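In: got a predicted model here, sequence first, then my questions.
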Amino acid sequence: MDTGITVLYFLLRAPAQSYKTARQIYGMAIAHTVQREERDDARQAQVEEIKDMELINRLDIINLKNEIDQLKMTLPEAIGQVPKEDLLELVKVAEKVKDLKALKQSMDQMMELKSKLEDHPEEIRRIREEILELKNRLSFHHGQSVGQVPVCGHCGAELPPVAKFCKLCGTRAR
């Protein structure tokens, strides 16, 4: 039931002393109705704005699809105008660029490893000494010397080049 009709019904049924109260209620109902209509109008304006934005988005999508179609149609023509030899040359150049990028990446990795090696010269020296010592121990078991350093076949001690016996254990040098 409409608010105005409700108020009118109340006024007709109300006693005379309630007339002033009914008039206030009627004023409040009219104010409420106006506020509701304003809210409805604002919502309707928002709906219209959303519909407009939706229409704009649809038009943008249509325009983008048209641009894509135009590009698809002109691309074969543009490629057809370029001689086949030039296209093959471009493919070769692209492959060389790819190879050069891979080479540059490898070179960068090598430079990084080199800088890491240069940062630890003492460790490298120590590791080289350990390698020489291990080679000498290995040669000890085979009775040979590595790196021009003769070693004892029994205890592994270094021997002078002309030694006939080991100074530590007395074993005959080979």
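Out: Nice, thanks for sending it over. Residues are numbered from 1 along each chain as shown.
In: per-residue pLDDT, Val146?
Out: According to the predicted model, the pLDDT of Val146 comes to 48.
In: give me the most central residue, the protein.
Out: For the chain, Gln105 is the residue whose C-alpha lies nearest the centre (CA atoms, centre = their mean; 19.0 Å).
In: how close does it get to Lys96?
Out: 15 Å (CB to CB, to the nearest Å). No exception for glycine: its C-beta is placed from N, CA and C like everyone else's.
In: repeat for Asn136
Out: To Lys96, Asn136 is 50 Å away according to CB to CB.
In: what's the answer for Met53, then?
Out: Plainly put, Met53 is 50 Å away from Lys96 if you go by CB to CB.
In: now do Leu117
Out: Between Leu117 and Lys96 the distance is 31 Å, computed by CB to CB.
In: same question for Ile50.
Out: Ile50 sits at a distance of 54 Å from Lys96 (criterion: CB to CB).
In: same check on Ser115?
Out: For Ser115, the distance to Lys96 (CB to CB) stands at 28 Å.
In: show the pLDDT at Ala14.
Out: Residue-level pLDDT assigned to Ala14 equals 57.
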